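A.B. asks: Build me a model from this:
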Amino acid sequence: MSPPHNFAFDYRLNFNSITENDFVRGVGHLKDSPVPAYAINTEHVITQWNRACEILTGMPASAMLGTKNQWQPFYETKRPVLADLVVDGDLCESIQHYYPNNAHCSLLMPCTYVGEDFFPRMVHGGKWLQFSAGPVYDRLGNVVGAIETLQDVSVQKHAEEALLKVHADLEQLVIQRTAELMRRNDELTRANEQLITLQQQLVQSEKLASIGQLAAGVAHEINNPIGYIFSNFGTLGQYLTQLMDMLDAYEKSESLISQAAVRHDLSALRERIDLNYLKADIPVMMRESLEGIFRVRQIVQDLKDFSRVDNAMEWQIADLHPGIHSTLNIVSNEVRYKADVILAFGTLPDVECLPSQINQVVMNLIINAAQSMGTARGTITIRTGSTSETAWIEVADDGCGISTEDTSRIFDPFFTTKPIGTGTGLGLSMSYGIVSKHHGEINVDSTVGVGTTFRITLPLRQPI
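C.D. replies: Now for the predicted structure:
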């Protein structure tokens with residue numbers, strides 16, 4: 001009967017088959033092998049412990065031969081090694097128990113088992129070993145012992161661990177770099193959004209500046225003819241006074257006219273033109289016309305004060321109260337039919353600012369307050385005050401109010417709570433930009449159904 005194909009014989013000892021009595025002599029070939037190896041018989045007694053095994057384990061053959069201590073170089077307590085399990089023959093259950101997940105049957109060599117593990121008891125802080133064990137057969141095919149070979153793979157394992165660590169470090173670095181790239185991408189996205197917002201605000205600011213320049217130009221052009229009319233009205237008033245004096249003198253002299261026909265004609269003419277009514281109505285008309293001219297003149301002045309085109313881009317030390325008055329006059333047509341305006345001005349020192357831009361902010365807030373009113377007439381209250389370092393302006397209304405959800409978004413460009421087509425959504429965004437440019441703050445406090453209060457806080461002097 002031919003013995004089974006055997007890893008130990010075919011690839012280690014290079015002989016075919018032996019009797020049980022030949023076993024000890026046969027495995028003697030192991031001593032010259034450069035591969036660390038040892039052999040045990042069916043009684044689990046060590047019969048061979050070659051020089052390479054001595055060097056690897058640090059255990060001399062003299063201490064190991066004839067004993068059953070093959071476990072000692074590897075484990076703290078006595079237990080079977082792979083060669084013991086091969087000799088016993090109950091491999092499946094035993095290997096699963098003693099070598100879970102780190103030993104298996106060789107795919108190339110039937111009846112031979114291979115494994116890999118770390119053995120901390122071995123010299124130099126422990127070693128990683130690859131080990132394989134196969135049975136030794138006699139000529140009849142009976143197992144007469146087992147041989148186990150060992151290979152130190154610590155260098156390879158450390159290299160694998162180092163490679164795994166490098167791989168893990170690279171993965172972590174990739175994760176960090178990816179997160180950094182995503183963060184920078186988010187920053188670039190936000191920066192791009194801010195640039196778009198600034199561009200939109202700049203376009204809107206340029207539009208308002210153009211409108212202000214146009215208003216200032218119109219005001220300047222109107223101011224010249226208004227000056228002529230105002231001057232002429234003064235002279236006309238003097239002339240009318242003189243004419244009235246003359247008429248009084250004529251009326252007193254009428255009774256002295258001797259010709260009855262002339263007196264009759266004069267009396268008829270006085271009654272036809274209703275001279276008494278004219279004498280009473282002309283001064284009234286003059287006063288009303290003069291009042292109208294004063295109002296036109298004031299509107300023109302308010303347009304000039306509101307726009308401040310001549311020095312729109314120059315920081316000035318300005319009193320904000322006249323600007324608020326001018327702004328109210330400019331938007332009076334927007335407000336007068338919707339709300340009463342209450343002025344509650346406090347002490348307000350001069351503020352370093354761009355007055356025309358602050359006027360634009362106040363105008364936006366007043367118009368928004370007027371547009372928040374329902375069908376009933378409401379109230380808009382404008383308050384001012386100051387601290388030692390700041391000045392503040394409040395525009396409060398008792399209109400419809402703003403929801404909490406919308407309050408957090410009202411300064412976003414193009415966001416509006418107004419119906420489609422009635423608002424651009426840029427007024428408050430631009431106002432926020434102007435106040436920020438002044439190193440100030442604009443805050444809102446609103447309750448739905450109660451009203452809204454906007455508060456602008458500006459430093460008295462701009463930081464250097």
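A.B. asks: for the helix or strand hosting Ile366, packing partners?
C.D. replies: In this structure, Ile366 is located in helix 355-371 according to DSSP states H and E. Packed against helix 355-371, as judged by 3 or more C-beta pairs under 8 Å, 6 or more residues apart in numbering; DSSP states H and E, are the following elements: helix 275-307, strand 316-318, helix 320-330, helix 332-335, strand 378-386, strand 390-397, helix 427-437, strand 451-459. (Each C-beta comes from the backbone N, C-alpha and C, glycine too.)
A.B. asks: Might you list the low-confidence residue ranges for the stretch 51-200 of the chain?
C.D. replies: Under the criterion pLDDT under 70, the flagged ranges of the stretch 51-200 of the chain are 90, 106-110, 197-200.
A.B. asks: go again using 90 as the cut-off
C.D. replies: Within the stretch 51-200 of the chain, the stretches with pLDDT under 90 are 58, 85-86, 88-116, 120-126, 134, 136-143, 154-174, 176-200.
A.B. asks: can you pull out the helices in it?
C.D. replies: 51-57, 61-64, 82-88, 91-98, 154-253 (DSSP state H, counting those that start in this stretch).
A.B. asks: Let's have those helices in CSV, adding distance to Trp128.
C.D. replies: Formatted as CSV, the helices of the stretch 51-200 of the chain follow (distance: least, C-beta to C-beta, whole Å):
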stretch, distance to Trp128
helix 51-57, 12
helix 61-64, 22
helix 82-88, 15
helix 91-98, 18
helix 154-253, 4
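A.B. asks: Those helices into JSON lines, with extra columns for distance to Glu334 and mean neighbour count?
C.D. replies: As requested, the helices of the stretch 51-200 of the chain are exported to JSON lines (distance: least, C-beta to C-beta, whole Å; neighbours: other C-beta atoms under 10 Å):
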{"stretch": "helix 51-57", "distance to Glu334": "98", "mean neighbour count": "19"}
{"stretch": "helix 61-64", "distance to Glu334": "107", "mean neighbour count": "14"}
{"stretch": "helix 82-88", "distance to Glu334": "96", "mean neighbour count": "22"}
{"stretch": "helix 91-98", "distance to Glu334": "89", "mean neighbour count": "14"}
{"stretch": "helix 154-253", "distance to Glu334": "15", "mean neighbour count": "12"}
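A.B. asks: Gly141 is nearest to which of these?
C.D. replies: Nearest of those to Gly141, taken as C-beta to C-beta: helix 82-88 at 15.0 Å.
A.B. asks: Which strands or helices does that closest one pack on?
C.D. replies: Helix 82-88 sits against strand 37-41, helix 91-98, strand 113-119, strand 127-137, strand 143-152, with contacts defined as 3+ C-beta pairs under 8 Å, 6+ apart.
A.B. asks: Please identify the deepest-packed of the ones you listed.
C.D. replies: strand 37-41 (a mean of 26; mean count of other C-beta atoms under 10 Å).
A.B. asks: so what strands line up beside that one?
C.D. replies: Paired strands of strand 37-41, with direction, are strand 46-49 (antiparallel), strand 143-152 (antiparallel) (DSSP bridges).
A.B. asks: Please dump these into CSV; it should also carry distance to Trp392 for every row.
C.D. replies: Output for the strands paired with strand 37-41, formatted as CSV (distance: least, C-beta to C-beta, whole Å):
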stretch, distance to Trp392
strand 46-49, 96
strand 143-152, 82
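A.B. asks: Nearest approach to Gly385 belongs to which of these?
C.D. replies: The nearest among the strands paired with strand 37-41, by C-beta to C-beta, is strand 143-152 at 86.3 Å.
A.B. asks: hang on, the earlier thing: out of the helices and strands packed on helix 355-371, which is closest to Gln156?
C.D. replies: Nearest to Gln156, of those and by C-beta to C-beta, is helix 427-437 at 64.1 Å.
A.B. asks: If you count neighbours, what's buried in the closest one?
C.D. replies: 427-435 (16 or more other C-beta atoms under 10 Å).
A.B. asks: Out of the residues you listed, give me the two with the largest separation.
C.D. replies: Gly427 and Val435 (12.6 Å).
A.B. asks: Mind checking the pLDDT average for stretch 250-263?
C.D. replies: Averaged across stretch 250-263, pLDDT comes to 73.
A.B. asks: got a list of what Tyr38 touches?
C.D. replies: 30, 46, 48-50, 53, 64, 70, 83, 147-148 (C-beta atoms under 8 Å, 6 or more residues apart in numbering).
A.B. asks: rerun that using 7 Å as the cut-off
C.D. replies: Tyr38 makes contacts with 46, 48-50, 53, 70, 148, as judged by C-beta atoms under 7 Å, 6 or more residues apart in numbering.
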